[in-house]
Each structure stands twice: as structure tokens, then as C-alpha cells.
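A.B. asks: My questions are about this predicted structure, shown below with the sequence.
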Amino acid sequence: MKKVTVWIFILAGVFMASCSRHRYPAELTAADSLAEVQPDSAVALLKALRPNMADAPEDTKMYYDLLTIKAEDKTYVTHRSNKQIMRLVNYYEHGGDKALLPVAYYYAGRTYADMQDAPRALDYFQRALEAMKDRKDASLVGKIYSQMGHLYMDQNLYDNAIGIFQKSYHNSAMMKDTVNTIYDLCDIASAYSGKMDDHSSILYLKKAHNLANEKGKISLIIYVESYMSRYYYYIGKYE
């Protein structure tokens, strides 16, 4: 089944490559798509393609390196050095495929977040948003907002976190992405919890609960109800 899925994404990559101003090998655009849903398979595919990169054009090599960082990030590999991503940021800032500059900025943000440098991480996430301008990728925007919100939470900047999580919520709702909308509502509730605003926190958890029930997906209902039960216990509403 995994082999079938990989070939589906390779065929999708052929289509994506034909639509791009920069013509990348179809296997790379397939790996890009695959990283979103099966990052382990994307890592394996990229490793298999590594020998082909020795004589590849510069833009292809850079794309390959960016995809490697992306796929590893999605398999929860901790970024311990900024050397590779900053090389890519410099390349896309001064040439290369400008459509990939926001992606490079995003993974610079992820790298600095892993390195416990929140100010730089937030700076690069903001750069990613600005680099997209009118051609915003709603999926990437949602990821950026989520990352920024959690960084603000880590610094106890709850008002900032609420504002960013609200933006993430509206972005998910615009995309009609019910799953991420539910996660966004729980994030907003968590930020209000940090402010000790139990009323607002419970309000958003109930919104998430109602939406999960409308969706009818058991795993989402369990996620929200587990969150609610822990929160009620935390504030002493044992009944």
C-alpha cells in the first residue's frame, strides 16, 4: 500500500513540475507532496535520490536540501544547527525560486524554535508571512500562526498568543479545515487558561466540542473531551 501511495505522489509531482516556473525533477515535487502526509516515506525517497544530486543544477540541489529539512522536521527531528537552513535562506533571498523563500523562512523559524531562540524564530515566521504577500499559501499561513502562538505561550505572552491563535482559527475556518479549526479553538482555550480566564477558556472548549460532535470523528471527540476533563479537574470542577 505504501508503494502505491508513493507512486501516486510521484505522478502528482509530474503535474506539479509541469506547472512550476522552475522545472524540478518530478521525484522531488512528489517528495514535497509526500512529506505532508507520509514524511517517513518522503525521507526514504529523498535518501534514494541523493546520488542523483551530484550533477544536478544548483536550483535542484537547493530544492533537495530544503525538502530534506522539511521532511526531517515533519518526522520530529530536532534542529540543532542553523548552518544548513541559513545557507538556503541566503540563496533564496538573493536568487533562486522566490516561491520557496517563505518556505525557507518558515524552516528557519522552526530551526531557531528548536534552538530555544524565540525572538529569531518569531522574526523568521513574520518574514515568511511578509514574503508571501498576495500569493499566500493558506496551509503554510496556518502552520506559521500555530508556531508563533505556541512560542508566545512558552514566554507567557498570552494576549499575543490569543491574537495569533485567533488568526489561525479564521484561516482554518476559511479553508473549511474542520480538524485544524478544532485544534485552533483548543489552543485559544489554552491561552485563556494561561491568563486564568476560566470562563473564556471553557467557552472555546465547548465550541471545539460542538464542532467535533458535528464532524462525528471519534478521535476528535476524544481529544476535546480529554482536554476538557483535564481542565475541569485543574480548576476544581470535579463534578
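C.D. replies: Thanks, I have it. Residues are numbered from 1 along each chain as shown.
A.B. asks: now the residue most central in space within the chain, nearest residue through space, not along the chain?
C.D. replies: Of all residues in the chain, the one closest to the mean position by CA atoms, centre = their mean is residue 143, 3.5 Å from it. Once flanking residues are discounted, residue 143 sits nearest to residue 106: 6.9 Å by CB to CB, 6 or more residues apart in numbering. Where you see a C-beta, it was placed from the backbone N, CA and C, and this is true even at glycine.
A.B. asks: still on that earlier bit, what confidence value was assigned to the residue nearest to the centre of the chain?
C.D. replies: Looking at residue 143, its pLDDT reads 94.
A.B. asks: does it really touch residue 107, like I thought?
C.D. replies: No - between residue 143 and residue 107 there is no contact under CB atoms under 8 Å: 10.5 Å.
A.B. asks: shared neighbours of these two, which are they?
C.D. replies: Common contacts of residue 143 and residue 107, defined by CB atoms under 8 Å, 6 or more residues apart in numbering, are absent altogether.
A.B. asks: Phi, psi for residue 233 please.
C.D. replies: phi -60, psi -40 (degrees, to the nearest 10).
A.B. asks: and it, how many neighbours?
C.D. replies: 10 (other CB atoms under 10 Å).
A.B. asks: same question, residue 101
C.D. replies: 19.
A.B. asks: hang on, the earlier thing: what's the separation between the residue nearest to the centre of the chain and residue 88?
C.D. replies: Taking CB to CB, to the nearest Å as the measure, residue 143 and residue 88 are separated by 18 Å.
A.B. asks: any idea which helix or strand comes after the lowest-mean-pLDDT helix or strand in the chain?
C.D. replies: For the chain, scoring each helix and strand by mean pLDDT, DSSP states H and E identifies helix 2-19 as the least confident one, at a mean of 43. Using DSSP states H and E, the helix or strand that follows helix 2-19 in sequence is helix 26-37.
A.B. asks: in that next one, what's buried?
C.D. replies: 26-35 (16 or more other CB atoms under 10 Å).
A.B. asks: would a markdown table of these with distance to residue 124 and pLDDT be doable?
C.D. replies: Output for the buried residues of helix 26-37, formatted as a markdown table (distance: CB to CB, whole Å; pLDDT from 0 to 100):
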| residue | distance to residue 124 | pLDDT |
| --- | --- | --- |
| 26 | 30 | 93 |
| 27 | 28 | 93 |
| 28 | 23 | 95 |
| 29 | 24 | 93 |
| 30 | 27 | 93 |
| 31 | 23 | 94 |
| 32 | 20 | 94 |
| 33 | 24 | 92 |
| 34 | 25 | 94 |
| 35 | 19 | 93 |
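A.B. asks: quick one: what helix or strand has the residue nearest to residue 143 in it?
C.D. replies: Going by DSSP H and E, residue 106 is part of helix 101-114.
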